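**Q** what's the 3D shape of this:
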Amino acid sequence: MFFVSNSVDELGGVTTWSHQMARLFCERGHRVHVVGIRPAPDDRRQYLGSRPPYRTSTLYDAEPEKGRTPATMAVPAARLRDIFEEAPPGAVVICTQIWAMEWVALARTEGHTFIGMSHESYRGTRYSSRFNRVKRYYRDVDRMLPLTREDADLWIRHADMNNVGYMPNPLPALPDEPSLRTENVVTSIGRLDDQKGIDMLLDTWAEVAPLHPDWRLRIYGRAEEPEDELRLRAQCAELGLDASVEWCGTTSDVPEALRGGSVFVQSSRFEGFPLALMEAMAAAVPCAAFDCAPGVREIVSDGVDGLLAAPGSTSELARHLDTLLADKALRDRMGEAARKNIQRYGTDEIVHRWERLFAFLER
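**A** Presented below is the predicted three-dimensional model:
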């Protein structure tokens with residue numbers, strides 16, 4: 001089994017997912033090889049723990065140059081072809097990100113089952129350059145897998161693709177020690193970029209902070225470009241929020257970060273099937289989030305284990321945070337419901353779904 005991604009060790013949900021799935025399949029007796037196209041930048045490298053029980057490879061020693069052509073990509077593509085040819089016919093190649101498909105297409109996958117994945121919503125892809133590349137590269141693969149049934153239906157209807165299924169992400173972990181929800185802290189975890197909407201989160205917090213002066217907003221994450229973080233910090237200062245906002249950078253211990261909070265907030269403009277949201281619920285932390293993707297509303301049952309706001313409506317998100325911060329009994333009830341409900345995405349169930357898909361495609 002091969003997982004092919006942009007990078008083996010770059011910070012982000014796809015990297016976390018790839019290594020989680022690789023470990024799960026290894027535990028079930030599969031031979032797994034995780035392949036990255038390029039190395040992660042030093043300041044964007046994810047700590048992966050001890051040596052994994054599977055192979056990892058990276059095709060380039062440095063970031064590939066822009067203006068690539070098949071000729072300039074030939075050597076790394078040949079390396080990838082050699083990797084695939086090490087396996088007997090019938091292996092499974094899973095391309096997790098569409099950019100990596102440029103090299104996979106040159107490497108050839110004849111004789112193997114091929115699955116192409118999209119780890120973002122249809123809407124998140126539709127208005128980007130990735131849309132046409134998905135249609136180009138994934139139209140003839142054995143199965144194209146977005147993360148939800150709703151997204152699968154959209155790809156079938158609007159992109160005229162007839163090889164589409166769907167596969168949700170598994171729960172990254174169920175911590176033994178959930179949050180006790182005793183700290184007056186709202187937690188956010190995500191990159192400091194446009195997708196994650198931290199600018200909208202600050203606008204939201206500007207409405208909430210005066211109502212709850214004893215609460216703090218704790219933001220975990222880094223920006224790919226230093227200017228982006230400087231811009232957000234300047235916005236924070238302009239809104240008068242410096243006393244109630246903590247900039248925590250990245251964390252290698254997400255469960256501990258979540259245990260330190262009583263509410264989780266997600267302000268993304270678009271998402272796929274967000275792991276941070278799942279991790280917060282597993283930690284028994286109730287969530288307030290923008291309903292920005294089918295994956296969000298599949299994870300969160302609005303009014304039961306979290307509260308959803310219309311995408312981009314900072315006033316509605318602020319009202320939801322105000323509701324949760326003002327009512328500890330509600331926080332406790334929703335937090336416990338979240339921890340229970342998110343277990344429907346347990347690893348055993350998701351791995352079984354994958355193996356049923358493999359068996360179907362082999363036929």
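**Q** residue ranges of the helices in the chain, please?
**A** Under the criterion DSSP state H, the chain contains helices at 13-27, 74-85, 101-107, 122-126, 130-138, 149-159, 198-208, 226-238, 254-259, 275-282, 294-299, 314-326, 328-341, 347-362.
**Q** So for the third one, what gets flagged as buried?
**A** Of the residues in helix 101-107, those scored as buried under the neighbour-count criterion (16 or more other Cβ atoms under 10 Å) are 101-104, 107. All C-beta atoms are positioned from the backbone trio N, CA, C, and that covers glycine.
**Q** Out of the residues you listed, the closest to D61 would be?
**A** W103 (14.6 Å; Cβ to Cβ).
**Q** Dump the helices of the chain into CSV; add mean pLDDT and distance to P175 as well.
**A** Below are these laid out as CSV (pLDDT from 0 to 100; distance: least, Cβ to Cβ, whole Å):
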stretch, mean pLDDT, distance to P175
helix 13-27, 95, 15
helix 74-85, 95, 35
helix 101-107, 94, 35
helix 122-126, 92, 28
helix 130-138, 95, 33
helix 149-159, 94, 28
helix 198-208, 98, 24
helix 226-238, 96, 28
helix 254-259, 95, 4
helix 275-282, 96, 6
helix 294-299, 96, 17
helix 314-326, 98, 20
helix 328-341, 98, 9
helix 347-362, 95, 14
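**Q** would CSV of those with distance to E65 be doable?
**A** What follows is the helices of the chain, written out as CSV (distance: least, Cβ to Cβ, whole Å):
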stretch, distance to E65
helix 13-27, 23
helix 74-85, 12
helix 101-107, 13
helix 122-126, 25
helix 130-138, 19
helix 149-159, 31
helix 198-208, 31
helix 226-238, 23
helix 254-259, 34
helix 275-282, 32
helix 294-299, 34
helix 314-326, 40
helix 328-341, 46
helix 347-362, 36
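**Q** one step back: out of the buried residues of helix 101-107, which one sits closest to P88?
**A** Here the nearest of these to P88, counting by Cβ to Cβ, is A107; it sits at 16.7 Å.
**Q** wait, the closest one sits on E85?
**A** No - the pair A107 / E85 is not scored as a contact, 9.2 Å apart, by Cβ atoms under 8 Å.
**Q** Ok, which of the helices of the chain comes nearest D214?
**A** Taking Cβ to Cβ, helix 314-326 is the member of the helices of the chain nearest to D214, at 9.4 Å.
**Q** how about that closest one as PDB, C-alpha atoms only?
**A** Extracted as PDB, the C-alpha positions of helix 314-326 are listed here (Å, rounded to 0.1, in the frame of the first residue of the first chain):
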ATOM      1  CA  THR A 314     -19.000  36.600  13.100                       C
ATOM      2  CA  SER A 315     -22.000  38.000  15.000                       C
ATOM      3  CA  GLU A 316     -23.700  34.600  15.000                       C
ATOM      4  CA  LEU A 317     -20.500  32.800  16.000                       C
ATOM      5  CA  ALA A 318     -20.100  35.400  18.800                       C
ATOM      6  CA  ARG A 319     -23.600  34.700  20.100                       C
ATOM      7  CA  HIS A 320     -22.800  31.000  20.200                       C
ATOM      8  CA  LEU A 321     -19.600  31.600  22.100                       C
ATOM      9  CA  ASP A 322     -21.500  33.900  24.500                       C
ATOM     10  CA  THR A 323     -24.100  31.200  25.100                       C
ATOM     11  CA  LEU A 324     -21.500  28.600  25.900                       C
ATOM     12  CA  LEU A 325     -19.300  30.900  28.100                       C
ATOM     13  CA  ALA A 326     -22.400  32.000  30.100                       C
END
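**Q** Which positions in stretch 35-45 come out as buried?
**A** Buried residues in stretch 35-45, counted by 16+ other Cβ under 10 Å: 35-40, 44.
**Q** What about those, which are in strands?
**A** Those of the buried residues of stretch 35-45 mapping onto strands are 35-36, per DSSP state E.
**Q** For the nearest residue to F131 once chain neighbours are set aside, list the residues it contacts.
**A** Residue nearest to F131 in three dimensions, not counting chain neighbours: T125, with 5.2 Å by Cβ to Cβ, 6 or more residues apart in numbering. Shown in contact with T125 (Cβ atoms under 8 Å, 6 or more residues apart in numbering): 118, 131, 134.
**Q** and which of those residues is nearest A293?
**A** Nearest to A293 among the contacts of T125, counting by Cβ to Cβ, is S118 at 11.6 Å.
**Q** Report how many residues lie close to the closest one.
**A** Here the number of neighbours of S118 (other Cβ atoms under 10 Å) works out to 25.
**Q** residue contacts, it?
**A** Applying Cβ under 8 Å, 6+ apart, the residues near S118 are 98, 125, 130, 134, 138, 144-147, 151, 272.
**Q** Could I get those residues in JSON lines, plus columns for distance to Y220?
**A** Shown next, in JSON lines, are the contacts of S118 (distance: Cβ to Cβ, whole Å):
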{"residue": "I98", "distance to Y220": "27"}
{"residue": "T125", "distance to Y220": "26"}
{"residue": "R130", "distance to Y220": "26"}
{"residue": "V134", "distance to Y220": "30"}
{"residue": "Y138", "distance to Y220": "33"}
{"residue": "M144", "distance to Y220": "32"}
{"residue": "L145", "distance to Y220": "29"}
{"residue": "P146", "distance to Y220": "27"}
{"residue": "L147", "distance to Y220": "23"}
{"residue": "D151", "distance to Y220": "27"}
{"residue": "G272", "distance to Y220": "19"}
